[in-house]
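Trainee: Predicted structure and sequence below. I'll ask about it afterward.
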Amino acid sequence: MATSTTPKYTVPGISTHDGGRIIDLLGRRLHALNDLSLTLKHIHWNVVGPHFIAVHEMLDPQVDQVREMADDTAERMSALGGVPQGTPGALVAERTWDDYSVGRADAIAHLGALDLVYTGVVEDHRAALAEVGKIDPVTEDLLVGQLRSLEQFQWFVRAHLESSGGSLSQARARTEREAARSAERGAEG
């Protein structure tokens, strides 16, 4: 992400230097959440197959909640004296991950790929949480609440992918396409 300048002001009890660090961390979280909401909508529109309706209807509430998370994140950045960048150009220029790579596909394939997406978002949220927890309990609380929901959403996804023996067919996949293929194979066999 582009390095932002130290804000001219921030919330009482936090230095402008620390406020700037938190703003930068939240800027990356904002991009991840905006990207996630778009990815969830992409999947919602492109899912097919016997599990279509279950997945299609499961995703809309996730989209709505992730959009609320993005709004809360941007508002926290503003309260800290930052300038949230919510434009597509800023997201694309500053993100550190590739675009979602699965188009029209079976529901289980999309869920296999989405599990990897959620893993990335959750891991990065946890890393940000570890850093802000040392500085700002309010931002820490915001991220904890978001993590609670994100982990629940991933659990919903994984419930479709888990075998009766408790394993995930796509657990070793490194790419979204690989996860999609592994999940489809797991559902077939």
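Mentor: Structure's in. What do you need?

Trainee: Please save the CA atoms from the worst-scoring helix or strand of the chain on mean pLDDT in PDB.
Mentor: Lowest by mean pLDDT, DSSP states H and E among the helices and strands of the chain is helix 176-188, with a mean of 89. Extracted C-alpha coordinates of helix 176-188, given in PDB (Å, rounded to 0.1, in the frame of the first residue of the first chain):
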ATOM      1  CA  GLU A 176      -8.200 -20.700  -6.200                       C
ATOM      2  CA  ARG A 177      -8.400 -22.800  -9.400                       C
ATOM      3  CA  GLU A 178      -6.700 -25.700  -7.700                       C
ATOM      4  CA  ALA A 179      -9.000 -25.400  -4.700                       C
ATOM      5  CA  ALA A 180     -12.000 -25.300  -7.000                       C
ATOM      6  CA  ARG A 181     -10.900 -28.500  -8.800                       C
ATOM      7  CA  SER A 182     -10.100 -30.300  -5.600                       C
ATOM      8  CA  ALA A 183     -13.500 -29.400  -4.100                       C
ATOM      9  CA  GLU A 184     -15.300 -30.600  -7.200                       C
ATOM     10  CA  ARG A 185     -13.400 -33.900  -7.100                       C
ATOM     11  CA  GLY A 186     -14.200 -34.300  -3.400                       C
ATOM     12  CA  ALA A 187     -17.900 -33.700  -4.000                       C
ATOM     13  CA  GLU A 188     -17.900 -36.300  -6.800                       C
END
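
Trainee: The helix or strand hosting Leu38: which residues count as buried?
Mentor: According to DSSP states H and E, Leu38 maps onto helix 16-46. For helix 16-46, the neighbour count (16 or more other CB atoms under 10 Å) marks 16, 18-44 as buried. From N, CA and C alone the C-beta is placed, and that goes for glycine too.

Trainee: and the angle for it with helix 176-188?
Mentor: Orientation note: helix 16-46 sits at an angle of 50 degrees relative to helix 176-188 (axes from the mean of the first three to the mean of the last three CA atoms, to 10 degrees).

Trainee: Past helix 16-46, which element shows up next along the chain?
Mentor: Later in the chain than helix 16-46, the nearest helix or strand by DSSP H and E is strand 47-48.

Trainee: which residues are in contact with that following strand?
Mentor: By CB atoms under 8 Å, 6 or more residues apart in numbering, the residues outside strand 47-48 that reach it are Val55, His56, Leu59, Arg104, Ala105, Asp106, Ala107, His110.

Trainee: do stretch 174-187 as well
Mentor: Contacts for stretch 174-187 (CB under 8 Å, 6+ apart): 100-102, 105-106, 108-113, 115-117, 161, 163, 168-170, 172-173.

Trainee: Kind regards, and thank you for your time.
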